[in-house]
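>>> Give me a model of this one.
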Amino acid sequence: MVGFCGVEDHARPLSISIIGWLMIIAGLFAVPLALIHVPLSAFGMMLVGWIATALILGLALAYLLIGFGLLRLKRAAWVAAIALLVLFAVNAIVDASIPGTHAKMLEAMKSTPLFSQQANRPAPPEMPLALKLLPISLLAIPLWFLIRRREAFE
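Here you go, the predicted model:
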């Protein structure tokens, strides 16, 4: 039986389908964020304005292309998904290791009208590094499934 995107249902592992659809959903949700000019943290730098908007739109496009590529079991999408998740993990580690990143983000959010009032509150106390790195472990889950199911892309 042929499923969505012209791939037989039994040929695509469920985990790859879930990752693909999550990437598509993330790509769709990123577009409105770009349009309201939310700031973006990239390797310790806080990006605002049109630079952040352009990068978020680029990420949205990447998410969509990778998501649809995963659903079609395209090897290039598999490689791109792994590369993007590793890039996000490295970015998160860099951001977590720089003190005051949250305070910098609150400062950057003041330039976004939708978030400016929330950003005027004082910055919370600095979290321990171990707690900052905890969310990074969530990136390991899709990475593990992508690597574990690589035979579906051969």
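
>>> Doesn't residue 46 belong to a helix?
No - membership of residue 46 in a helix is not supported by DSSP: H, G, I helix; E, B strand; the rest coil, which gives strand.

>>> If you tally nearby residues, what's the number for residue 41?
When neighbours are counted by other CB atoms under 10 Å, residue 41 registers 19. (Glycine included, C-beta is placed from N, CA and C.)

>>> what's the distance between it and residue 140?
20 Å (CB to CB, to the nearest Å).

>>> Could you do residue 132 as well?
16 Å.

>>> most centrally placed residue in this structure?
residue 88 (6.5 Å; CA atoms, centre = their mean).

>>> who's in contact with that one?
Neighbour list for residue 88: residue 139 [criterion: CB atoms under 8 Å, 6 or more residues apart in numbering].

>>> now do residue 76
residue 69.

>>> Figure out the helix or strand that it lives in.
Assigned by DSSP states H and E, residue 76 belongs to helix 75-97.

>>> Could you pull out the buried residues of that helix?
77, 78, 80, 81, 82, 84, 85, 89, 92, 95, 96 (16 or more other CB atoms under 10 Å).

>>> where exactly do the strands run in this structure?
40-42, 45-47 (DSSP state E).

>>> Ok, which of the ones you listed comes nearest residue 20?
Nearest to residue 20, of all those, is strand 40-42, at 23.9 Å by CB to CB.

>>> Listing partners with orientation, what would you give for that closest one?
Note on strand 40-42: by DSSP bridges, its sheet partners are strand 45-47 (antiparallel).
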